[in-house]
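Q: mind looking at a prediction? Sequence and model below.
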Amino acid sequence: MPALRRTAAVLTALALPLTAGLAGAGTAQAAPMPTGEFHWAGDQGDGDTDRSVWYGPVYGDRLDATASADHRTLRVVITRPGDTWTVDLAAPAGQALGVGSYANAVKTPEMPGVALDTPSMFVNGYQSGCATLSGGFTISELTFGEGGTVKSLKANYRQECADRGVLTGYVQLSDVAPPKPLALGMTIKAGGKLANGKATLNGTLTCTKPARVHVGGSASQEQPLFVQGRFVAEVDCVPGKNVPWKVEVQVHTPAEGTPFIRSERLKVFGNVQAQDPDTGSYVFGDANKWVTLG
């Protein structure tokens, strides 16, 4: 990300009430886009020139997109507390928006349902007017969902208002859902093996994504003194399968080498841990079981 993005001043203009920029009935209901970015640069009539500001969910902002049922018009609304922008794009009458360049655009009509013979647009973030507008926009990606919903958009624009100056930038958004989080499961079998005072325990793991899983825990007995041993293992988990794990445990408390015995069941506490390969966050799980040694 350019350093300029990190240092760009936060825009503090009054929120702009939405106007009827999208023409045509049957406009799809707006839905927040999980990913996206909006950028403007230039003089937007606030007394500051050559500004450059970025918006998007990564900055805590909200992007919403709507389209008319015939796909001729499209609106993106960018909302930040105390600051709202709208991007209106429209194809000429009788055409649908699609990938391509739209030159010689004029200002989008404020009257709903009005279709012009030329492309139209309006990128607006202030209450000040824009009586006449000239510009153009290029769409490099655009997909619609059912009912005119917008699934993805990538567009660059250049706009010049008679009373503001040149404004350039881009908007891109996608409704692709973020990856589902990793989930882990663990089971401990009720039967274990005893040999030379050491207990062999086993069970299964489940996961929703491929992951290297850390298995750990403890096994204890009252015989009548309390004895306990700890165990660790690393297991490669495969989604959709019950992946086996197996460990050997020996007593560490009160003294290493104290044997487990067959006449007393083991109380086993287990836990699993893995890093989500998509988010980098750590996910945990646990299980416990009374285990009989054979």
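A: Structure's in. What do you need? Numbers count the residues shown, from 1 in each chain.
Q: pLDDT score for Pro92?
A: As predicted, Pro92 sits at a pLDDT of 97.
Q: helix, strand, or coil at it?
A: Three-state assignment for Pro92 (DSSP: H, G, I helix; E, B strand; the rest coil): coil.
Q: for burial, what's the neighbour tally of it?
A: 14 (other Cβ atoms under 10 Å). The C-beta positions use only the backbone N, C-alpha and C, and glycine is treated the same way.
Q: how much space between it and Ala155?
A: 16 Å (Cβ to Cβ, to the nearest Å).
Q: cool, Gly257 as well?
A: 72 Å.
Q: looking at the two, which is more packed in?
A: Ala155 (23 against 8).
Q: secondary structure element holding the more buried one?
A: strand 150-161 (DSSP states H and E).
Q: quick check: neighbours of that strand in the sheet, parallel or antiparallel?
A: As defined by DSSP bridges, the strand partners of strand 150-161 come to strand 133-144 (antiparallel), strand 165-174 (antiparallel).
Q: any idea which of these is most buried?
A: By mean neighbour count, with neighbours taken as mean count of other Cβ atoms under 10 Å, strand 165-174 ranks first of those at a mean of 20.
Q: next one: it to chain centre, how far?
A: Put simply, strand 165-174 sits 22 Å off its chain's centre (Cα atoms, centre = their mean, to the nearest Å).
Q: which residues are contacting it?
A: 33-45, 49, 63, 65, 76, 78, 87, 123, 141, 150-161 (Cβ atoms under 8 Å, 6 or more residues apart in numbering).
Q: point out where the stretch 1-150 of the chain drops to low pLDDT.
A: Along the stretch 1-150 of the chain, segments meeting pLDDT under 70 span 1-31, 43-50, 126-129.
Q: show me where it has its helices.
A: With DSSP state H, counting those that start in this stretch, the ranges of helices along the stretch 1-150 of the chain come out as 3-7.
Q: may I see the buried residues of stretch 199-218?
A: Across stretch 199-218, burial judged by 16 or more other Cβ atoms under 10 Å covers 199, 201, 203-209, 211, 213-218.
Q: farthest-separated two in the residues you listed?
A: Farthest-apart pair in those is Ala199 and Lys209; separation 31.2 Å (Cβ to Cβ).
Q: can you point out the buried residues in the strand holding Ala155?
A: Val150, Lys151, Ser152, Leu153, Lys154, Ala155, Asn156, Tyr157, Arg158, Gln159, Glu160, Cys161.
Q: lowest-confidence one in these?
A: For those, the pLDDT minimum is Cys161, 86.
Q: residues touching the spatially closest residue to it that is not a sequence neighbour, list them.
A: Of all residues not flanking Cys161 in the chain, Cys130 sits nearest, at 3.9 Å (Cβ to Cβ, 6 or more residues apart in numbering). The neighbours of Cys130, taking Cβ under 8 Å, 6+ apart as the test, are Lys107, Phe122, Asn124, Cys161, Ala162, Asp163, Arg164.
Q: which member of these is positioned nearest Asn271?
A: Asn124 (54.5 Å).
Q: what about the closest one, how many residues nearby?
A: What Asn124 shows, counting by other Cβ under 10 Å, is a neighbour count of 25.
Q: distance of it relative to Leu167?
A: Going from Asn124 to Leu167 by Cβ to Cβ gives 9 Å.
Q: Trp85 reaches Val53, doesn't it?
A: No. Taking contacts as Cβ atoms under 8 Å, Trp85 lies outside contact range of Val53: 9.4 Å.
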